[in-house]
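Asks: Need coordinates for the below:
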Amino acid sequence: MAELGSPYPGHDRRRALFLRARRAAPSTAQALRRRWLIGLAKGVLPVAALGLLALLTLWSELTSDLDRARISYRRQTVAQDGGTLRNPSYTGFDENGSPFTITASSARQIMAGPQLPGRTVLTTPAGDIHLVGGAWLMAQSDYGVYMQRDGQLDLYGEVSLYRDDGIEMQTSAVTIDLKAAAMIGPEQVHVQGPFGTLDAQGFSVSDRGMVLHFTGPGRLVLDGAGR
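Replies: Below is the predicted model of the structure:
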């Protein structure tokens with residue numbers, strides 16, 4: 001049987017192309033909806049980006065605040081639990097307004113009880129005390145206990161005292177009244193200065209560092225060159 005062809009050559013091919021183009025081309029409603037979605041995306045995406053940026057900034061600030069709060073809480077816990085401080089420095093004034101300074105390589109607070117003053121245990125403490133007339137006295141030792149409320153500093157171990165007039169004292173225990181600029185040393189003491197050397201069983205300093213009293217028996221060796 002013979003096949004019947006189209007009376008118009010190429011008609012079928014053009015018709016197929018037209019139908020394909022018709023299927024590919026969007027309708028007016030689809031075009032409007034697509035245009036609306038594109039416009040919505042252009043308006044929403046920048047707003048969403050700004051919102052996300054603001055959220056990230058807020059989260060960063062909130063995290064920083066939480067970190068600062070944790071650091072602050074940790075510092076308060078150290079103070080309350082008597083934590084160790086490195087290279088502390090304490091300053092104050094005696095009864096006459098003269099300044100004194102206490103430094104140490106480390107300090108550890110011991111909490112006070114109802115009847116006990118707060119104490120601070122010091123490692124390698126050093127005290128600088130100003131006396132009358134511009135004179136000064138420096139004390140240092142291996143260990144010490146500072147009672148700030150009472151204005152008292154106890155020194156132990158190898159205790160060394162230096163006065164600006166050249167007098168040096170070596171002993172093993174000294175109690176310093178920082179308010180009165182006075183001190184007591186109940187243990188044996190070795191003293192040297194421009195006058196010579198002195199060994200005694202104890203000593204005391206009164207009248208704001210101007211009077212030194214030694215308890216005997218003692219041994220005094222005068223330096224002839226210093227007479």
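Asks: Quick one: low-confidence residue ranges for this structure.
Replies: Within the chain, the ranges that satisfy pLDDT under 70 run 1-34, 36-51, 53-82, 112-117, 224-227.
Asks: Break this structure into its domains for me.
Replies: Here the domain parsing of the chain from automatic domain parsing is 12-81, 85-226.
Asks: mind checking the SS state of residue 133?
Replies: Classification of residue 133 using DSSP: H, G, I helix; E, B strand; the rest coil returns helix.
Asks: what about the helices in this structure?
Replies: 11-24, 28-81 (DSSP state H).
Asks: for residue 170, what are its contacts?
Replies: By C-beta atoms under 8 Å, 6 or more residues apart in numbering, the residues touching residue 170 are 158, 159, 160, 161, 189, 190, 191. C-betas here are computed from N, CA, C, even on glycine.
Asks: give me the number of residues near residue 91?
Replies: When neighbours are defined as other C-beta atoms under 10 Å, residue 91 has 10 of them.
Asks: swap in the one 3 residues further on?
Replies: The criterion is other C-beta under 10 Å. On that basis, residue 94 has 19 neighbouring residues.
Asks: Surely it touches residue 178?
Replies: Yes: proximity of residue 94 to residue 178 meets the contact threshold set by C-beta atoms under 8 Å, at 6.1 Å.
Asks: Give me the common contacts of these two.
Replies: Counting by C-beta under 8 Å, 6+ apart, the contacts common to residue 94 and residue 178 are 100, 129, 151.
Asks: got the residues you listed as TSV, with neighbour count columns?
Replies: Output for these, formatted as TSV (neighbours: other C-beta atoms under 10 Å):
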residue	neighbour count
100	21
129	26
151	17
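Asks: check contacts around residue 131.
Replies: 98, 137, 181, 208, 209, 210 are the contacts of residue 131 under C-beta under 8 Å, 6+ apart.
Asks: Let me know the closest of those residues to residue 169.
Replies: Relative to residue 169, the closest of the contacts of residue 131 is residue 137; by C-beta to C-beta it sits at 9.8 Å.
Asks: measure the closest one to residue 204 for me?
Replies: Remark: distance between residue 137 and residue 204 (C-beta to C-beta, to the nearest Å) = 13 Å.
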